[in-house]
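1. return atomic coordinates for the entry below.
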Amino acid sequence: MKVDVLLGLQWGDEGKGKVVDVLTPNYDVITRFQGGPNAGHTLEFNGEKYVLRSIPSGIFQGGKVNVIGNGVVLDPLLFQQEAEALAASGHDLTKQLCISKKAHLILPTHRILDAAYEAAKGSGKIGTTGKGIGPTYTDKISRNGLRVGDLLHNFDEKYAAAKARHEAILRSLNYEYDITELEAQWFKALDYLKQFRLIDSEHVINNYLKEGKSVLAEGAQGTMLDIDFGSYPFVTSSNTICAGCCTGLGVSPRNIGEVYGIFKAYCTRVGSGPFPTELFDETGSKIRQIGHEYGAVTGRERRCGWIDLVALKYAIMINGVTKLIMMKSDVLDGFDTVKACVAYKVDGEETTEFPFEINEGIEPVYVEMPGWNVDMTKMQSEDEFPEEFNAYISFLEEELEVPIKIVSVGPDREQTIVRYTEE
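-> Model (predicted):
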């Protein structure tokens with residue numbers, strides 16, 4: 001068996017949680033391979049809305065194994081809040097959820113460091129969510145991190161050393177803080193965390209594959225936020241691309257199967273950083289309003305723009321995408337025309353290659369197409385799609401050279417249309 005991977009191809013917020021939930025019935029094991037609690041995956045079904053931050057989106061389908069992989073950074077306090085909210089809705093996680101011993105812990109001082117570093121940047125802020133993700137990955141790479149497995153081995157001593165190191169940095173930044181209450185809550189949350197199965201996830205997942213179990217790996221954020229290939233330095237601190245699945249779960253490249261790439265019918269971005277197709281006009285506001293484009297975790301307004309095919313082709317190439325999934329098609333239902341960026345104009349010259357750096361000097365080159373002006377939210381199959389929407393899909397498939405397998409026409413799991421019957 002292979003590990004199928006599901007990724008965001010834009011700047012995150014593409015709707016990965018809903019798609020994982022829809023695909024889960026086809027898999028035995030659902031995993032999360034990177035990122036931290038700054039990424040909120042929103043799912044809606046049976047009239048209820050759920051936001052998952054660290055827990056895999058397969059948790060709502062009974063009888064499935066869910067694994068938080070070693071590439072994830074975990075805040076025990078935020079994890080407890082998330083897990084208890086799900087338990088209150090009738091989902092017993094202790095039987096379904098396993099946590100890698102090699103996943104790194106977000107400490108209370110990591111959150112303070114995050115705020116201190118952002119304050120020190122002044123006008124050059126990255127726009128982080130302040131959850132401590134960056135400083136935790138920094139400690140991981142500098143070989144100073146604490147891992148879930150450390151809870152079982154001299155943890156108090158290791159924690160004291162890490163805290164002292166962080167406090168020295170905070171003193172050097174002249175940053176005032178008080179973590180007394182946060183730290184007390186955090187330690188209580190550690191006891192809650194110990195209720196779950198703490199596993200050597202690389203062995204467990206590879207053994208599942210040997211047993212013929214099917215595995216789906218869920219990424220957080222999006223390709224354009226990848227630490228190596230995204231719009232650096234306005235990126236996250238982990239590898240959000242397909243290769244991150246191998247390092248974030250401990251599976252070999254030859255064990256990767258299908259790669260599902262998720263994108264919106266338009267484009268959004270949260271926080272600072274370049275965004276070539278951003279719309280500052282009424283159209284951008286209309287997309288935000290119709291699409292409810294506000295951060296699932298932070299509530300921040302998402303910046304909105306037309307679809308960027310230069311960035312999307314780049315993301316497809318980097319990830320080796322085999323099937324595309326288009327989300328939020330219904331948000332564009334009420335537009336007379338829709339646009340797609342097919343090239344960038346850089347210093348007066350057109351290019352279809354994603355450049356080393358994208359900045360304010362980049363001018364998007366658009367193709368304009370007729371809109372469909374039809375409410376698609378009640379549609380059950382692609383046979384009902386309006387001609388103009390089919391033309392939009394055909395145009396995208398021709399440009400991207402990968403089939404669009406699934407089209408979402410609303411937030412509910414039922415509003416998901418699978419195209420092309422498999423042979």
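2. ranges for the strands of the stretch 301-423 of the chain?
-> 303-305, 307-308, 323-327, 337-346, 349-351, 363-370, 404-408, 416-418 (DSSP state E, counting those that start in this stretch).
3. looking at those, which is buried most?
-> Sort the strands of the stretch 301-423 of the chain by mean neighbour count, taking mean count of other C-beta atoms under 10 Å, and strand 307-308 sits at the top with a mean of 26. For every residue, glycine as well, the C-beta is placed using N, CA and C.
4. low-confidence stretches in the stretch 301-423 of the chain?
-> For the stretch 301-423 of the chain, applying pLDDT under 70 flags the ranges 421-423.
5. can you point out the buried residues in the helix or strand encompassing F187?
-> Assigning secondary structure by DSSP states H and E places F187 in helix 180-193. Neighbour counts over helix 180-193 (16 or more other C-beta atoms under 10 Å) mark L182, E183, W186, A189, L190, L193 as buried.
6. just send the residues you listed back as JSON lines, with pLDDT too.
-> Shown next, in JSON lines, are those (pLDDT from 0 to 100):
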{"residue": "L182", "pLDDT": "95"}
{"residue": "E183", "pLDDT": "97"}
{"residue": "W186", "pLDDT": "97"}
{"residue": "A189", "pLDDT": "97"}
{"residue": "L190", "pLDDT": "97"}
{"residue": "L193", "pLDDT": "96"}
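7. max-length helix in this protein?
-> helix 155-172 (DSSP state H).
8. tell me which other helices or strands that helix touches.
-> If you count contacts as 3 or more C-beta pairs under 8 Å, 6 or more residues apart in numbering; DSSP states H and E, helix 155-172 packs onto helix 108-121.
9. am I right that F263 is in contact with W11?
-> No - taking contacts as C-beta atoms under 8 Å, F263 lies outside contact range of W11: 10.4 Å.
10. show me where pLDDT drops low in the stretch 151-300 of the chain?
-> 296-297.
11. residue contacts, the residue nearest to Y50 when sequence neighbours are not counted?
-> Closest residue to Y50 apart from its sequence neighbours, by C-beta to C-beta, 6 or more residues apart in numbering: L43 at 4.9 Å. By C-beta atoms under 8 Å, 6 or more residues apart in numbering, the contact list for L43 reads G17, K18, D21, K49, Y50, V51, L52, S57, F60, R413.
12. check which helix or strand covers L43.
-> Per DSSP H and E: strand 41-45 holds L43.
13. now that strand: average pLDDT?
-> Throughout strand 41-45, pLDDT has a mean value of 68.
14. paired strands for the helix or strand that it is followed by, with orientation please.
-> Per DSSP H and E, the first helix or strand lying C-terminal to strand 41-45 is strand 48-52. Strand 48-52 has its sheet partners listed here by DSSP bridges as strand 41-45 (antiparallel).
15. hey, where'd the helices end up in the stretch 251-400 of the chain?
-> 282-290, 309-319, 387-400 (DSSP state H, counting those that start in this stretch).
16. return the distance of the second one from the chain's centre.
-> When C-alpha coordinates are averaged (C-alpha atoms, centre = their mean, to the nearest Å), helix 309-319 and its chain have centres 16 Å apart.
17. which strands and helices sit next to that helix?
-> Helix 309-319 packs on strand 256-264, strand 337-346, helix 387-400, going by 3+ C-beta pairs under 8 Å, 6+ apart.
18. give me the distance between A189 and R53.
-> As judged by C-beta to C-beta, to the nearest Å, A189 and R53 stand 14 Å apart.
19. what sits in contact with each of those two?
-> F79.
20. do you know how far the closest residue to P355 other than its chain neighbours is from L77?
-> Leaving aside its sequence neighbours, P355 sits nearest to V346 (C-beta to C-beta, 6+ apart; 6.3 Å). Look at V346 and L77: by C-beta to C-beta, they are 45 Å apart.
21. equivalent analysis for L225, please.
-> 24 Å.
22. quick one: residues contacting the closest residue to I106 other than its chain neighbours.
-> Nearest-residue entry for I106: D75, 3.9 Å, with adjacent residues in sequence omitted and distances by C-beta to C-beta, 6+ apart. Contact analysis of D75 by C-beta under 8 Å, 6+ apart lists G36, P37, S54, L105, I106, R111, K131, G132.
23. now E360
-> Contacts of E360 by C-beta under 8 Å, 6+ apart are P274.
24. cool, L216 as well?
-> Neighbours of L216 in contact, by C-beta under 8 Å, 6+ apart: 3-6, 20, 23-24, 26-27, 29-31, 58.
25. just those: which are in strands?
-> V3, D4, V5, L6, V29, I30, T31 (DSSP state E).
26. correct me, but the fifth one touches S201?
-> No - contact status for V29 versus S201: not in contact, 10.5 Å apart, counting by C-beta under 8 Å.
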